[in-house]
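Participant: need coordinates for the following:
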Amino acid sequence: MRFLSLAVLAAAAMGCETSAAQGGKLVTLEDSVSYILGFKNGENLKRQSVPVNAEVMLSALRDGLAGAQSRMPDSVMQSVMMTFQSRMIMQQRQKDSLSGAENRRQGEKFLAENQSKEGVKVTASGLQYKVLTAGTGPRPQKTSVVTVHYRGTLLDGKEFDSSIGREPVSFSLTQVIPGWVEGIQLMNVGSKYQFWIPSHIGYGPQGSPPDIPPDAVLVFEVELLGMK
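Facilitator: Model prediction:
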């Protein structure tokens with residue numbers, strides 16, 4: 001769980017001391033900090049889909065602040081949290097399994113149709129690519145360090161990563177997914193390609209949370225600017 005630093009909390013609180021909350025006006029700095037801590041922790045719990053009883057949590061918070069004795073010893077707390085975390089992990093794996101099966105079905109259907117489109121080529125691994133701009137420079141090797149501009153999306157068009165509008169990115173081909181390793185080696189410096197990367201040479205069944213779901217086909221536009 002993420003917590004704001006005291007400096008950030010104080011700065012934010014200074015700007016909202018006169019704000020109104022459901023429990024009353026935020027009059028003092030402590031009022032504002034208390035609201036921010038509660039709200040941000042609530043946001044994080046909701047984002048992580050953690051099922052909590054807010055009334056019990058508030059009661060426990062009051063007990064802790066008052067220095068009261070806990071209703072559970074530390075050993076029981078640890079055991080309960082381990083059981084809860086195991087259950088959450090199992091539930092998430094079940095969700096990922098269902099999501100992955102649907103993503104595989106959609107991905108296979110898309111790739112089967114996409115490979116017959118004009119200009120699309122397919123490699124032995126299943127990587128699909130299209131030359132958008134042909135370059136005349138050298139081609140990278142597996143161990144090359146390349147400099148690129150790129151944009152990555154899912155099949156629904158949702159962007160999960162991009163260097164557009166920023167400085168170009170340089171990296172070694174030993175550090176990226178297999179689909180990139182293979183695809184970049186097809187390119188000459190100065191060229192721009194579009195890639196459709198099947199999940200088995202992408203991020204596979206584990207995906208790359210929170211932006212890339214399990215077994216997702218990845219779509220990239222890549223411009224190869226240089227290499228060494």
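Participant: okay, and the beta partners of the closest residue in space to Ser170 that isn't next to it in sequence?
Facilitator: Closest residue in space to Ser170, ignoring its immediate chain neighbours: Thr147 at 4.5 Å, by C-beta to C-beta, 6 or more residues apart in numbering. Placement of C-beta: from N, CA and C, glycine included. Beta bridges link Thr147 to Ser170, Gly226, judged by DSSP bridges.
Participant: ditto for the one 5 residues further on
Facilitator: Beta-bridge partners recorded for Gly152 (DSSP bridges): Asp161, Phe220.
Participant: number of nearby residues for it?
Facilitator: By the other C-beta atoms under 10 Å criterion, the neighbourhood of Gly152 contains 20 residues.
Participant: over to Asn188?
Facilitator: Neighbours of Asn188 (other C-beta under 10 Å): 16.
Participant: now do the same contact list for it.
Facilitator: Residues in contact with Asn188 (C-beta atoms under 8 Å, 6 or more residues apart in numbering) are 134-139, 224.
Participant: what is the three-state secondary structure of it?
Facilitator: coil (DSSP: H, G, I helix; E, B strand; the rest coil).
Participant: Val148 versus the nearest residue to it once chain neighbours are set aside, what's the distance?
Facilitator: In this structure, Asn188 finds its nearest non-sequential neighbour in Gly135, 3.9 Å apart by C-beta to C-beta, 6+ apart. Taking C-beta to C-beta, to the nearest Å as the measure, Gly135 falls 12 Å from Val148.
Participant: shared neighbours, those two?
Facilitator: Shared contacts of Gly135 and Val148, defined by C-beta under 8 Å, 6+ apart, comprise Leu224.
Participant: higher neighbour count, the two?
Facilitator: More neighbours surround Val148 than the other of Gly135 and Val148, with 20 against 17 (other C-beta under 10 Å).
Participant: could you chop the chain up by domain?
Facilitator: If you go by automatic domain parsing, the domain ranges for the chain are 6-66, 120-227.
Participant: winner for burial among those domains?
Facilitator: Ranked by mean neighbour count, the domains of the chain are led by domain 120-227 with a mean of 17 (mean count of other C-beta atoms under 10 Å).
Participant: avg pLDDT for that one?
Facilitator: Across domain 120-227, the average pLDDT comes to 96.
Participant: Ser32: which element?
Facilitator: If you go by DSSP states H and E, Ser32 is part of helix 29-47.
Participant: past that helix, which element shows up next along the chain?
Facilitator: Next in sequence after helix 29-47, counting helices and strands by DSSP H and E, comes helix 54-66.
Participant: quick check: what element follows that following helix along the chain?
Facilitator: helix 74-114.
Participant: that next one - contacts with which helices or strands?
Facilitator: With contacts defined as 3 or more C-beta pairs under 8 Å, 6 or more residues apart in numbering; DSSP states H and E, helix 74-114 has these neighbours: strand 192-197.
Participant: in the sheet, which strands lie alongside the strand it packs on, parallel or antiparallel?
Facilitator: Strand 192-197 is paired, per DSSP bridges, with strand 128-133 (antiparallel), strand 218-227 (antiparallel).
Participant: next, the angle from the longest one to helix 74-114.
Facilitator: Same thing as strand 218-227. With axes from the mean of the first three to the mean of the last three C-alpha atoms, to 10 degrees as the basis, strand 218-227 and helix 74-114 are set at 80 degrees to each other.
Participant: tell me how far Phe84 lies from Pro73.
Facilitator: Phe84 is 17 Å from Pro73, by C-beta to C-beta.
Participant: scratch that, Ala112
Facilitator: 59 Å.
Participant: contacting residues for Asp63?
Facilitator: Asp63 makes contact with 69-71, according to C-beta under 8 Å, 6+ apart.
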